[in-house]
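J.: no FASTA, just this:
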């Protein structure tokens, strides 16, 4: 069931694969720069601490300017990745709402007699917005997490293996906590969606009254 849903979402993403590729590719660049920047700062600090008296003001300014340029470049690329990915989410949201509305026009009156207006409105608004968040924010964070760990962990273990292992020792505990709480969170989310549907239905009835 989950696989078929993912294939359906991939179908909606297909027209925007160029923007998705640009958004994910920019994240790869950002994470590469994110690994380079601390390493460069380390070199600068080592150089300053060992050869401060012999360093020229131009070299110190070069260190500072490089850090500033790389940080600004990271910020610009990160903003661009969000524009691309969030834009894709908005486009998919628009297409889904159009598809749902066109589908509703083809349904028989018996369907609307069985379904409440609030439930239909919630599916068109809240449910589709959750899909937009999945394809925008969630996909962005998933790609960013994969690239961040893929680029940062080798650098961490290359610099200080013991400290890196100690920093990662909390992750098994976090994974267990997430696993234990995921089913409860899913149930609470379903309850929230149902309460939104009831609220929408109540508002619609009040306005009609």
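T.: Perfect, thanks for sending it. Quick caveat, the model's predicted, so the values are computed rather than measured.
J.: Past the longest helix belonging to the chain, which element shows up next along the chain?
T.: Across the chain, the longest stretch assigned as helix under DSSP state H is helix 57-106. Moving toward the C-terminus from helix 57-106, the next helix or strand (DSSP states H and E) is helix 109-114.
J.: Going by neighbour count, which residues in that following helix are buried?
T.: Buried residues in helix 109-114, counted by 16 or more other CB atoms under 10 Å: none are found. Glycine gets a C-beta too; all of them are placed from N, C-alpha and C.
J.: Also stretch 189-200?
T.: Neighbour counts using 16+ other CB under 10 Å place 193, 196, 197, 200 of stretch 189-200 among the buried residues.
J.: neighbouring contacts of it?
T.: Stretch 189-200 is contacted from outside by 116, 117, 118, 119, 121, 122, 125, 126, 127, using CB atoms under 8 Å, 6 or more residues apart in numbering.
J.: Which elements pack onto the longest helix of the chain?
T.: Counting contacts by 3 or more CB pairs under 8 Å, 6 or more residues apart in numbering; DSSP states H and E, helix 57-106 is packed against helix 2-13, helix 17-51, helix 128-133, helix 139-159.
J.: Output the contacting helices and strands for the last one.
T.: Using 3+ CB pairs under 8 Å, 6+ apart, the elements in contact with helix 139-159 are helix 17-51, helix 57-106, helix 161-168.
J.: Give me the angle between it and helix 161-168.
T.: 150 degrees (axes from the mean of the first three to the mean of the last three CA atoms, to 10 degrees).
J.: Name the residues that touch helix 139-159?
T.: Residues outside helix 139-159 that contact it (CB under 8 Å, 6+ apart) are 20, 23-24, 27-28, 30-32, 34-35, 39, 81-82, 85-86, 89, 163-165, 167-168.
J.: Can I have the buried ones of those residues as a PyMOL selection?
T.: In PyMOL, selecting the buried portion of these, with burial taken from 16+ other CB under 10 Å, looks like this:
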select buried, resi 20+23+24+27+28+30+31+34+35+81+82+85+86+89+164
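J.: How many residues are close by the closest residue to residue 70 other than its chain neighbours?
T.: In space, and not counting its chain neighbours, residue 70 is closest to residue 37: 5.3 Å by CB to CB, 6 or more residues apart in numbering. Using other CB atoms under 10 Å, residue 37 has 16 other residues around it.
J.: these two touch, right, residue 37 and residue 66?
T.: No - at 9.1 Å, residue 37 does not count as touching residue 66 under the criterion of CB atoms under 8 Å.
J.: if I pick residue 51, what's in contact with it?
T.: No contacts exist for residue 51 under CB under 8 Å, 6+ apart.
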